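Enquirer: show me the folded form of this:
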Amino acid sequence: MKRLIGVNTWVWQSPLTDAGLSPLLDHIAALGFDAVELPLENVGDLTAATVREALERTGLKPFIVGAMAPGRELLLADDGTIAATQEYLGACLQLAYDVGAPAVCGPFYSHTGRLWRMDAAERTGAYRQLRENLAPLAAQAAEAGVVLGIEPLNRYETSLINTTEQALEALDPLLGNGVGLALDSYHLNIEERSSAAAIRAAGRHLVHLQVCGNDRGAPGGDQTDWAGLVKALDEVGYAGPLNIESFTAGNAAIATAASIWRPLAPSQDRLAADGLAFLRSL
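Expert: Reported below is the predicted structural model:
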């Protein structure tokens, strides 16, 4: 199956704003990508008209990703914090609708790096609260024809949803009603016994896939079983993109959030180009 191959602008810069959007998307298109992940880190960083113009000029297919910075919580927080988080995610959905992106993806439950212990009853309660606070966003997404892709993260970045199995438990019965799963090969490599089995478990609910090497660098030449992963994608009928998500060590905030302490390639362009060439070869 031929799939779009995209890249997240976090490979080069953060935050992405209107001012830097056009030249970066021109560069991404020139490298040969089909699609682009556009992070909306703060409401107002990107305006729909500017994004649409750049997309029309470059032909790139857009996908929106959200950033769960400190202070963004959909559970175990005060009402004001939860409402502000819902408002932020609502803005992400609106941008996706306005620019023609089919999905808004990210770990939409609590801020990245928030860790706490839970017994079984506490976890059940946390999942219930998450569903309650996601429900209005799911309705907004469904009305807009956009899907919220909820992403499991590794154990060092969250204690809430680490695996596909946990995501299925936490999000049922919202799945299929404006909500799906967004998986990331980096987190799969850490948390799943088999990345391919996790993809099969996600099945029809898989709406988005991010890829990188097991070291967060370019996909290819690493320990990931790429043949097995792609076979599983074919088996579940996933027709969405393969989007490279990596980060630049040159931005202090994002490097700290993603634990990027060393360069992952001779240059960010090399990371993107090598990853693209490998994914094309699949």
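
Enquirer: and Ala272, what does it touch?
Expert: If you count contacts by Cβ atoms under 8 Å, 6 or more residues apart in numbering, Ala272 has them with Val7, Val11, Ile28, Leu31, Phe33, Ala218, Ile244. Placement of C-beta: from N, CA and C, glycine included.

Enquirer: how about the helix or strand where it lies: buried residues?
Expert: In the assignment (DSSP states H and E), Ala272 maps to helix 268-281. Neighbour counts over helix 268-281 (16 or more other Cβ atoms under 10 Å) mark Gln268, Leu271, Ala272, Ala273, Asp274, Gly275, Leu276, Phe278, Leu279 as buried.

Enquirer: equivalent analysis for stretch 102-113, please.
Expert: Buried residues in stretch 102-113 (16+ other Cβ under 10 Å): Pro102, Ala103, Val104, Cys105, Gly106, Pro107, Phe108, Tyr109, Ser110, His111, Thr112.

Enquirer: and the strands in the stretch 51-200 of the chain?
Expert: 61-66, 103-106, 147-150, 179-184 (DSSP state E, counting those that start in this stretch).

Enquirer: output the ones you listed as TSV; include the columns mean pLDDT and distance to Ala196.
Expert: TSV is the format used below for the strands of the stretch 51-200 of the chain (pLDDT from 0 to 100; distance: least, Cβ to Cβ, whole Å):
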stretch	mean pLDDT	distance to Ala196
strand 61-66	98	23
strand 103-106	98	20
strand 147-150	98	19
strand 179-184	98	11
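
Enquirer: got TSV for those, with distance to Glu192 too?
Expert: TSV is the format used below for these (distance: least, Cβ to Cβ, whole Å):
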stretch	distance to Glu192
strand 61-66	21
strand 103-106	18
strand 147-150	16
strand 179-184	9
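
Enquirer: out of these, which comes closest to Ala135?
Expert: For Ala135, the closest of the strands of the stretch 51-200 of the chain is strand 179-184, at 9.2 Å, according to Cβ to Cβ.

Enquirer: which helices and strands does the closest one pack with?
Expert: The contact analysis (3 or more Cβ pairs under 8 Å, 6 or more residues apart in numbering; DSSP states H and E) places strand 179-184 against strand 103-106, helix 120-144, strand 147-150, helix 164-171, helix 195-202, strand 206-211.

Enquirer: what about the fifth one, average pLDDT?
Expert: Averaged over helix 195-202, pLDDT sits at 98.

Enquirer: same check on the fourth one?
Expert: When pLDDT is averaged along helix 164-171, the result is 98.

Enquirer: all good on my end, thank you.
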